[in-house]
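A.B. asks: Here you go, sequence then predicted model.
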Protein chains: 2
Amino acid sequence: MSEPAEVIRDKSLMRAWSRSRRRNGITLALVPTMGFLHEGHLSLIRSAKALADLTVVSIYVNPGQFAPSEDLSTYPSDLAGDLRKLTSIGVDAVFCPTELYHSASDTDFTRHRGTIYCKSEAVSSLEDGGSGHQTWIRVETLEKGLCGTSRPVFFRGVATVVAKLFNIVEPDVALFGKKDYQQWRVICQMVHDLDFDIKIIGAGIVREADGLAMSSRNVRLSPEQREMALSINKSLSRAKVAARQKSCHELKALIMQAISEAGGKIDYVEVT
Amino acid sequence: MSEPAEVIRDKSLMRAWSRSRRRNGITLALVPTMGFLHEGHLSLIRSAKALADLTVVSIYVNPGQFAPSEDLSTYPSDLAGDLRKLTSIGVDAVFCPTELYHSASDTDFTRHRGTIYCKSEAVSSLEDGGSGHQTWIRVETLEKGLCGTSRPVFFRGVATVVAKLFNIVEPDVALFGKKDYQQWRVICQMVHDLDFDIKIIGAGIVREADGLAMSSRNVRLSPEQREMALSINKSLSRAKVAARQKSCHELKALIMQAISEAGGKIDYVEVT
């Protein structure tokens, strides 16, 4: 039976925990998550354990990456279940801050800016809450297109919260799932461009037995939606087989047709 | 006679220099500069020496904060003179990288983006050079207005290069001149918002005997322009005395009139 993972809720305590270990030459891996952990996360954590002496998992549903129209308030969570899984797999610390952005009252600089983030101007759920946070990291080319088209504040929110986690946890290596491929690329580029001395590892997609990519949000699919969702992986696999015979344009049409016929609503399909 | 300051040109060597010292509990102060050092810089460095065990001065003319229309190529420099001054004042290391942004060939991610930063799209001198760098830190409220109006890429360039320097040098404390007041506030906010564990100190303006604020660019003023430039400090001092009797609107008009009469071209005057 593993020791229960140490749960740290405070930024300063997290940094002190990390520094006291790194000072002695101990290496740290960080796996940032939004909780409601599934086998995809656990596979990332197993890889992390092989890459560093100690493993830290962060659990934080980041308001900075949700638009006000998105599902921040209903994002699935189960902290008790997550901690059981993390203890069973054996991680060394779990960083789960109640709030990662400062409140409007904890800096002099927000006093004059009380009305700046009024509701009509909010572009992320963070600003909707009036936190006073105003610094955003933009990876200007990679954040555009693909998922960035329908989620224009998503990647700046991800890049920013990941930079904050890096500055708090100060890991040697950090792991991200390639299910969120554009996100992984955005983070690699940010780390490179801003000279973070952190190695970024991308890990492969973990799928259910029937091929559906694991995702915390899958729990919200009805049995019918769950069935429809399989059309994504199926159509991609079929396109992969057809790739030698067909043009990008034809492959794209094939995928779009398969998903539409299954009843799916398409944000984008890109084949290049 | 002081020891010559250690000159470090490579990012990795700089980080290794810093870590080997901090690991032993030695604290570091960083004074970021663009070189051509004057008494304003030296006063910052003297303050730095009192705040930490060791002092690092960086010298780097940052292309990321210059628009293509600005004076990157003619920015004054005198590295030999700077190093003499730094040796005489006694700093421990001088970080003067030849290039702080990666070149387009040193990352996989730039391969597909060769034509992205074409000349017509360039908004800073960095992009003009096609470095492949695409991550920018935006302090979205503070970067607007005042100097941000006439220099729209300046503060994102400053915030980004300072974050890079922080990640390379990893100082405990960093010092900035309040002559560039908006810049100082942008950096304080960025450090706070992104959880950099670095104390930021703002130091007062150092002036010539006749009241002109010291600045590396002053060397380019003709005797006539040098005389005209005094109208800035003079009009501000006069406005300060008049502040009890006059409204902000009247003070602003007073300052604008004095500078215009002296032959100055006004970007902005704000009194609030």
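C.D. replies: Everything's here; your move. Numbering: from 1, shown residues only, chains lettered A, B, ... in the order given.

A.B. asks: Is A:Ile137 in a helix, a strand, or coil?
C.D. replies: Three-state assignment for A:Ile137 (DSSP: H, G, I helix; E, B strand; the rest coil): strand.

A.B. asks: so it touches A:Met190, yeah?
C.D. replies: Yes: the pair A:Ile137 and A:Met190 qualifies as a contact (Cβ atoms under 8 Å) at a distance of 6.1 Å. In this view, the C-beta of every residue, glycine as well, is placed from N, C-alpha and C.

A.B. asks: right, is stretch A:87-102 up against chain B?
C.D. replies: Yes: using Cβ under 8 Å from any Cβ of the partner chain, we find that stretch A:87-102 touches chain B at A:Tyr101, A:His102.

A.B. asks: For that stretch, give the mean pLDDT please.
C.D. replies: This predicted structure assigns stretch A:87-102 an average pLDDT of 95.

A.B. asks: cool, and stretch A:206-223?
C.D. replies: Summarised as a single mean, pLDDT over stretch A:206-223 is 96.

A.B. asks: Now A:Gly40: which helix or strand?
C.D. replies: helix A:39-51 (DSSP states H and E).

A.B. asks: So which bits of the helix or strand that contains A:Leu251 are buried?
C.D. replies: Applying DSSP H and E as the criterion places A:Leu251 in helix A:248-261. Within helix A:248-261, the residues that count as buried by 16 or more other Cβ atoms under 10 Å in any protein chain shown are A:Leu251, A:Lys252, A:Leu254, A:Ile255, A:Ala258, A:Ile259.

A.B. asks: Where does the stretch 151-272 of chain A get nearest to chain B, which residue?
C.D. replies: A:Asp193 (3.6 Å; Cβ to the nearest Cβ).

A.B. asks: For that residue, which non-adjacent residue is closest in space?
C.D. replies: Leaving aside its sequence neighbours, A:Asp193 sits nearest to B:Thr135 (Cβ to Cβ, 6 or more residues apart in numbering or on different chains; 3.6 Å).

A.B. asks: For A:Ala213, see how far away the most centrally placed residue in chain A is.
C.D. replies: Chain A has A:Thr33 as the residue nearest its centroid, 5.9 Å off, counting by Cα atoms, centre = their mean. Using Cβ to Cβ, to the nearest Å, A:Thr33 is found at 16 Å from A:Ala213.

A.B. asks: Then A:Ser131?
C.D. replies: For A:Ser131 relative to A:Ala213 (Cβ to Cβ), the value is 32 Å.

A.B. asks: So the lowest-mean-pLDDT helix or strand in chain A, near chain B or not?
C.D. replies: Every helix and strand in chain A was compared by mean pLDDT, DSSP states H and E; the lowest is helix A:125-128, with a mean of 79. No: Helix A:125-128 stays clear of chain B (Cβ under 8 Å from any Cβ), getting no nearer than 9.6 Å.

A.B. asks: Check stretch A:160-174 too.
C.D. replies: Yes: between stretch A:160-174 and chain B, judged by Cβ under 8 Å from any Cβ, the touching residues are A:Thr160, A:Ala163, A:Lys164, A:Asn167, A:Ile168.

A.B. asks: From those, list the buried ones, please.
C.D. replies: By neighbour count, with 16+ other Cβ under 10 Å, the residues of stretch A:160-174 next to chain B hold A:Thr160, A:Ala163, A:Lys164, A:Asn167, A:Ile168 as buried.

A.B. asks: Which of these fall in strands?
C.D. replies: Among these, DSSP state E puts none in strands.

A.B. asks: Need the residues you listed in JSON lines (columns: pLDDT and distance to A:Glu3).
C.D. replies: Supplementary listing: these in JSON lines, determined by pLDDT from 0 to 100; distance: Cβ to Cβ, whole Å:
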{"residue": "A:Thr160", "pLDDT": "98", "distance to A:Glu3": "33"}
{"residue": "A:Ala163", "pLDDT": "98", "distance to A:Glu3": "31"}
{"residue": "A:Lys164", "pLDDT": "98", "distance to A:Glu3": "28"}
{"residue": "A:Asn167", "pLDDT": "98", "distance to A:Glu3": "27"}
{"residue": "A:Ile168", "pLDDT": "98", "distance to A:Glu3": "23"}
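
A.B. asks: which SS class is A:Leu30?
C.D. replies: Three-state call for A:Leu30 (three-state DSSP): strand.

A.B. asks: got a list of what it touches?
C.D. replies: Residues near A:Leu30 by Cβ atoms under 8 Å, 6 or more residues apart in numbering or on different chains: A:Ala48, A:Thr55, A:Val56, A:Val57, A:Ser58, A:Leu165, A:Phe166, A:Val169, A:Pro171, A:Val173, A:Ala174, A:Leu175.

A.B. asks: Could you report the distance from the residue nearest to A:Asp193 to A:Met228?
C.D. replies: B:Thr135 is 37 Å from A:Met228, by Cβ to Cβ.

A.B. asks: In terms of packing, which of the two has more residues around it?
C.D. replies: Using other Cβ atoms under 10 Å in any protein chain shown, the more surrounded residue of B:Thr135 and A:Met228 is B:Thr135, with 23 against 17.

A.B. asks: Is that one in contact with A:Asp195, as I believe?
C.D. replies: No: if you go by Cβ under 8 Å, B:Thr135 and A:Asp195 don't touch, sitting 10.2 Å apart.

A.B. asks: burial count for A:Leu146?
C.D. replies: 16.

A.B. asks: Let me see the contact set for it.
C.D. replies: By Cβ under 8 Å, 6+ apart, the residues touching A:Leu146 are A:Gln182, A:Tyr268, A:Glu270.

A.B. asks: Neighbour-wise, give me the winner out of the residues you listed.
C.D. replies: Going by other Cβ under 10 Å, A:Gln182 tops the contacts of A:Leu146 with 20 neighbours.

A.B. asks: Which parts of chain A are strands?
C.D. replies: A:6-8, A:28-33, A:54-59, A:93-95, A:135-139, A:173-177, A:199-203.

A.B. asks: okay, those in JSON lines with distance to B:Arg238 next?
C.D. replies: Output for the strands of chain A, formatted as JSON lines (distance: least, Cβ to Cβ, whole Å):
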{"stretch": "strand A:6-8", "distance to B:Arg238": "55"}
{"stretch": "strand A:28-33", "distance to B:Arg238": "54"}
{"stretch": "strand A:54-59", "distance to B:Arg238": "55"}
{"stretch": "strand A:93-95", "distance to B:Arg238": "54"}
{"stretch": "strand A:135-139", "distance to B:Arg238": "36"}
{"stretch": "strand A:173-177", "distance to B:Arg238": "55"}
{"stretch": "strand A:199-203", "distance to B:Arg238": "56"}
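
A.B. asks: and the residue lying farthest from the centre of chain A, what pLDDT?
C.D. replies: The outermost residue of chain A relative to its centre, with distances by Cα atoms, centre = their mean, is A:Gln245 at 35.4 Å. Note on A:Gln245: pLDDT of 96.

A.B. asks: Same check on A:Gly129?
C.D. replies: pLDDT at A:Gly129 comes out at 69.

A.B. asks: which residues touch the top helix by length along chain A?
C.D. replies: If you go by DSSP state H, chain A has its longest helix at helix A:223-242. With contacts defined as Cβ under 8 Å, 6+ apart, helix A:223-242 is touched by A:207, A:210-213, A:218, A:221, A:250-251, A:254-255, A:258-259, A:261-264, A:271.

A.B. asks: Quick one: residues contacting the residue in the stretch 1-150 of chain A that chain B sits nearest to.
C.D. replies: Going by Cβ to the nearest Cβ, chain B is nearest to A:Thr135 of the stretch 1-150 of chain A, at 3.6 Å. By Cβ under 8 Å, 6+ apart, the contact list for A:Thr135 reads A:Thr160, B:Ile137, B:Arg138, B:Val139, B:Glu140, B:Ala159, B:Gln189, B:Met190, B:Asp193, B:Leu194.

A.B. asks: residues in contact with the first one?
C.D. replies: Under the criterion of Cβ under 8 Å, 6+ apart, the contact partners of A:Thr160 comprise A:Gly64, A:Thr135, A:Trp136, A:Ile137, B:Asp193, B:Leu194.
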